[in-house]
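Engineer: Predicted model and sequence below, questions to follow.
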Amino acid sequence: MSLSGLRPKAVVVYFYPKDDTPGCTKEAIGFTELGSDFAAANCVVIGISKDSVKKHDKFRDKHSLSVVLASDEVSDVCERYGVWKEKSMYGKTYMGIERSTFLIDGTGKIVGEWRKVRVPGHVEAVLEAAQAL
C-alpha cells in the first residue's frame with residue numbers, strides 16, 4: 001500500500017510487541033479483516049513494532065496482512081508515544097512495547113488512545129471511534 005498522495009481523515013497507529021506471536025497476529029489480522037471499513041472511514045492503519053522491515057515483510061506475507069507495518073528498531077517512535085515500558089514476566093523485568101493504539105485526526109491531534117490493549121473487541125472499538133470522526 002502506498003501512502004503517497006493520500007490525505008486520510010484519520011490515522012490509526014497501533015504498537016505491538018512482536019511479529020508472529022499469537023496476540024500480535026490476531027490484532028494484525030483483525031485490522032486487516034476490517035481494512036475496507038477503515039478505508040471507507042478514510043482512515044489509514046499503521047502497525048509499529050521493533051521488528052525489522054524484513055521480518056515485517058515475512059509476517060505480512062505469511063498472514064496476508066494489508067495493514068502498513070513500520071519498523072522502529074531503535075525505539076524512537078515507541079519512546080515518543082510512551083509505549084516503551086518496563087515489563088515483567090516470570091519474575092524477570094525487561095523493556096518492551098506496551099500494546100497501545102492511537103487515533104490521530106487529520107490535523108495531527110491524538111483524539112483516541114488505548115493503553116494496555118486486550119485484543120478481543122479492540123479493533124472494532126477503534127473502528128467505531130474512527131467512523132465517529
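Structural biologist: Cool, the structure landed.
Engineer: make it CA atoms for all contacts and neighbour counts henceforth
Structural biologist: Will do.
Engineer: Could you pull up the residues touching the nearest residue to V74 once chain neighbours are set aside?
Structural biologist: The spatial neighbour of V74 that comes closest, neighbours along the chain excluded (CA to CA, 6 or more residues apart in numbering), is K50 at 7.2 Å. By CA atoms under 8 Å, 6 or more residues apart in numbering, the contact list for K50 reads 17-18, 71-75.
Engineer: name the helices or strands packed onto the one helix or strand in the chain whose mean pLDDT sits lowest?
Structural biologist: Confidence across the helices and strands of the chain bottoms out at strand 84-89, with a mean of 88, counting by mean pLDDT, DSSP states H and E. Judged by 3 or more CA pairs under 8 Å, 6 or more residues apart in numbering; DSSP states H and E, strand 84-89 is in contact with strand 92-97.
Engineer: hang on, the earlier thing: please convert the contacts of K50 to JSON lines, extending it with pLDDT.
Structural biologist: Output for these, formatted as JSON lines (pLDDT from 0 to 100):
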{"residue": "P17", "pLDDT": "96"}
{"residue": "K18", "pLDDT": "96"}
{"residue": "S71", "pLDDT": "97"}
{"residue": "D72", "pLDDT": "97"}
{"residue": "E73", "pLDDT": "94"}
{"residue": "V74", "pLDDT": "92"}
{"residue": "S75", "pLDDT": "90"}
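Engineer: Go ahead and build a ChimeraX selection from the buried members of the residues you listed.
Structural biologist: Selection of buried members from the contacts of K50 for ChimeraX, criterion 16 or more other CA atoms under 10 Å:
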select :17,18,71,72,75
